[in-house]
Each structure stands twice: as structure tokens, then as C-alpha cells.
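S.K.: pasted the sequence and its predicted model underneath.
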Amino acid sequence: MKIHNFLAPAAILIGLVAFIIACDGDAPANPESASGAKQVTVKIPTNEKGHTTEQENIARRLMVDNEPGSVKHLYVISAMSGQVLIYSTVKGKVTSSGKRLTPTSVAAIEGEMVGRDHEGVPVVIGGRQHYTSEVLQDDGTYGSSIEYLYWWDQRDQYHQHYVSGGQILHVSDKPIATKSIVLNLETAEVRDPEPAEEPAKK
């Protein structure tokens, strides 16, 4: 009798646990739009390495961008006329101003019980110490600059280009055919200004 009284609650408990596990194991329903359209999954074919075409493109771009000694060709094209405004070789690759060697921010949470790893960066303002999530940049300043691109050409000459409206930038690993180029940075030479002539003495 005592065994029967013990087994009954145990059987109920086991059944309840099995029910909870079964409910948790149910596959979630596919997302459905208001119109009744359901999510569709597609099996994408891969190559012999198990990579998709998109993955291969990304991997190949990284290899081309970081190939030692590579030279690329940059064209700044007018979106209005299609004319090439600027041409330059690029030693290595073009880099955007947003890239950094160090992070620009860290975790910073206010509160008395916050650990030291989340206090942020201490900074003294007006004689008082505060904590900020912004990190002092490599050049010793805070904030961000206007978006621009920079690179070195084959002659190791540094270029910094600010992108504004009406410009299309095209970078290729081989030269492209163009009708004309307004400013060719490869052939343009900067000469020292000639000294002004002294006025003739009377």
C-alpha cells in the first residue's frame, strides 16, 4: 500500500517532466507574413571546399587587397558626364578614414556596483574625473573626421581624397579604357614657383 502511494506521485512527476520536455522540443513555426506567405529556405550549392560563391568572392578580395607589392588603379568618375576626373595608381590598396588600429569605444556602465572592466576611460574635465566610453585616438584627439580615402601611388606619393556628391570611385587591379582624363596624378608634375623678377632700376 505504501509502495502504491509512493509510485503514484512519482509517475505523475515523470509524466509532467516528459510533457515539458516534449513541449520544449517542438520545432518553432516558420515565420509567416500578414498575407500568409511563409519563410522559404534554399540549399545553396558549394564547391569542393564547401564554400559558397559569396564566400569565395570575399576570400579572394581579401587575398587581392593584401597581396604584397600589388598595384591597383583608381579612377574618380563624374556621375553627371561619365568623364574620368582623376586617375592614380594605388600601391597596395585604398584605405578609408574610418579604419583604426585601436578601438574607438569601450564598455562604460554607470552604477556603484559596476566592475572596473566596465567603468570606461577616466578623463579629467574641469578638475573633476569623469568616465567616458570614447577612447583617445592614435593621434591624441577625440571624435571622428570627415569621410575620406587615402593611399600611396607607385611613386610613394601620399594622396587623401574627400568624397563628395557626384563622384563615382572605381578601383581595378588592371587599367581600364577611358576616353580622357582631366587630372592624371601619374603624369602631373609640381614644379617650384619661379622667383619673381626684380624691378628694373632706373
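M.R.: In hand now; what should we look at?

S.K.: show me the helices in the chain, by range?
M.R.: Using DSSP state H, the helices of the chain run over residues 2-24, 53-65.

S.K.: which of those has the lowest average pLDDT?
M.R.: Of all the helices of the chain, mean pLDDT reaches its minimum on helix 2-24 (a mean of 61).

S.K.: next, the contact list for residue 146, please.
M.R.: By CB atoms under 8 Å, 6 or more residues apart in numbering, the contact set of residue 146 is 97, 162. (Each C-beta comes from the backbone N, C-alpha and C, glycine too.)

S.K.: for it, what are phi and psi?
M.R.: Main-chain torsions, residue 146, degrees, to the nearest 10: phi -60, psi 140.

S.K.: tell me the contacts of the nearest residue to residue 86 once chain neighbours are set aside?
M.R.: Computed as CB to CB, 6 or more residues apart in numbering, the closest residue to residue 86 that is not its neighbour in sequence is residue 76, at 4.0 Å. Contacts for residue 76 (CB under 8 Å, 6+ apart) come out as 84-87, 161, 167-169.

S.K.: shaky segments in the chain?
M.R.: Counting by pLDDT under 70, the low-confidence segments of the chain come to 1-13, 15-28, 109-119, 188-202.

S.K.: and the strands in it?
M.R.: Ranges of strands within the chain are 71-78, 84-91, 95-96, 121-125, 128-132, 148-152, 158-162, 167-172, 181-184, based on DSSP state E.

S.K.: okay, domains of the protein per the record?
M.R.: What automatic domain parsing lists as the domains of the chain is 52-95+146-188, 99-143.
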